[in-house]
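Trainee: What follows is a predicted protein model with its sequence.
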Amino acid sequence: MPDTEFLSPDAAGLGRAATILRQGGLVAFPTETVYGLGADARNDHSVARIFEAKQRPGFNPLIVHLPDLAAAREIACFDDTALRLAESFWPGALTMVLPLRQDAGIAPLVTAGQRSIALRVPDHALAQALLHQTGCPIAAPSANPSGRISPTSAAHVASGLSGRIEAILDGGSCPVGLESTIVATAPGPTLLRPGGLPVEAIEACLGAPLARPAAPETPSAPGQMSSHYAPRARLRLNATKRRKDELLLGFGALTADLNLSPTGDLTQAAANLFGYLHALDAQGAPIAVAPIPETGLGRAINDRLRRAAAPRP
Ligand code: TXA
Ligand code: MG
């Protein structure tokens, strides 16, 4: 494997990224949520290399990224609910799990052999340009080694995957900073993962609450494993004071080593979350995290923090 190329966010960088993807290589690219590790979703060998690069368990299916709803409809079947959600929230931080069209030409490894597929239309100029130039559906999990914190900058990607992938398209930091919200539409609209699109917005669009999977630790979305997104350091949640030797990750009016949002703004906190976890983790001390309200993006932030704090297998 050659050294990982750093590509600039211009025509030359995009052209190179598209060429590498079309030739079957792996390119990490920015989206509004987190960086994705992209491969041509129709190419079995390329998709297999994603699992190898991330050292990800083979059973965990991948999200396929598309430029627009029309392209997504060639891959999966949309019912009325799915159409309404797509029209309201795409492009954006919503992933939908939908019935796969059998003639879609997607590598079976993408769906881990399931009949459903997770699709998303990202709202990021570089991701959109890359999808248009490459002209193929791009399978992309978050661009981090399996089980580690998701990357929200090109430097995060490099620290985890350098030397394991062909290139990183550098688009600066990700504006949302949390992975997409995942909803399955059949048999009824169900929340599989809270994320960058608040659950309240989806429920307002549908005029009904989203169902939650019966047993969240053993669902069809294996990314729901409890110890996911783990930093190396131990994490203590709902901390109001720093204990000896701890680093404090704050929220709201609080003196802390790093503060997710001194003004208590959940959108700002989401955008800072993974970057600050990476930064504190690099210092090697246990991390205490201040309480975060369980509303809007706070749900997704708390979900990630609970997984980061869970006992490791
Ligand atoms: O914001 C995001 O969603 C980012 C960017 C790159 O798009 N991607 C991301 O991918 O977070 P990943 O692989 O780290 O998480 C995808 C989740 C996993 O928990 C996986 O199990 C679930 O989506 N998933 C994928 N396909 C599925 C399917 N067919 N049925 C159920 N769950 C699925
Ligand atoms: Mg991930």
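Mentor: Alright, I've got the coordinates. Ligands and ions are numbered 1, 2, ... in the order given.
Trainee: Please spell out which residues along stretch 125-136 are buried.
Mentor: Using 16 or more other C-beta atoms under 10 Å as the test for burial, stretch 125-136 gives 126-131, 133-134, 136. All C-beta spots, glycine's among them, are computed from the backbone N, C-alpha and C.
Trainee: Redo these as JSON lines? Include distance to L297.
Mentor: Formatted as JSON lines, the buried residues of stretch 125-136 follow (distance: C-beta to C-beta, whole Å):
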{"residue": "L126", "distance to L297": "23"}
{"residue": "A127", "distance to L297": "20"}
{"residue": "Q128", "distance to L297": "23"}
{"residue": "A129", "distance to L297": "27"}
{"residue": "L130", "distance to L297": "26"}
{"residue": "L131", "distance to L297": "25"}
{"residue": "Q133", "distance to L297": "31"}
{"residue": "T134", "distance to L297": "30"}
{"residue": "C136", "distance to L297": "32"}
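Trainee: Packing partners of the host helix or strand of V157?
Mentor: Element membership of V157, judged by DSSP states H and E, is helix 154-161. With contacts taken as 3 or more C-beta pairs under 8 Å, 6 or more residues apart in numbering; DSSP states H and E, helix 154-161 sits against strand 27-29, strand 167-169, helix 266-281.
Trainee: so what's P222 scoring on pLDDT?
Mentor: With respect to pLDDT, P222 scores 45.
Trainee: any idea which of the buried residues of stretch 125-136 is the one closest to ligand 1?
Mentor: Nearest to ligand 1 among the buried residues of stretch 125-136 is A127, at 8.4 Å by C-beta to the nearest ligand atom.
Trainee: how about the closest one, what does it touch?
Mentor: 29-32, 36, 65 (C-beta atoms under 8 Å, 6 or more residues apart in numbering).
Trainee: sorry, back to before: distance to R193, mean pLDDT and mean neighbour count added to the helices and strands packed on helix 154-161, as TSV?
Mentor: Shown next, in TSV, are these (distance: least, C-beta to C-beta, whole Å; pLDDT from 0 to 100; neighbours: other C-beta atoms under 10 Å):
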stretch	distance to R193	mean pLDDT	mean neighbour count
strand 27-29	21	98	30
strand 167-169	25	98	26
helix 266-281	14	91	23
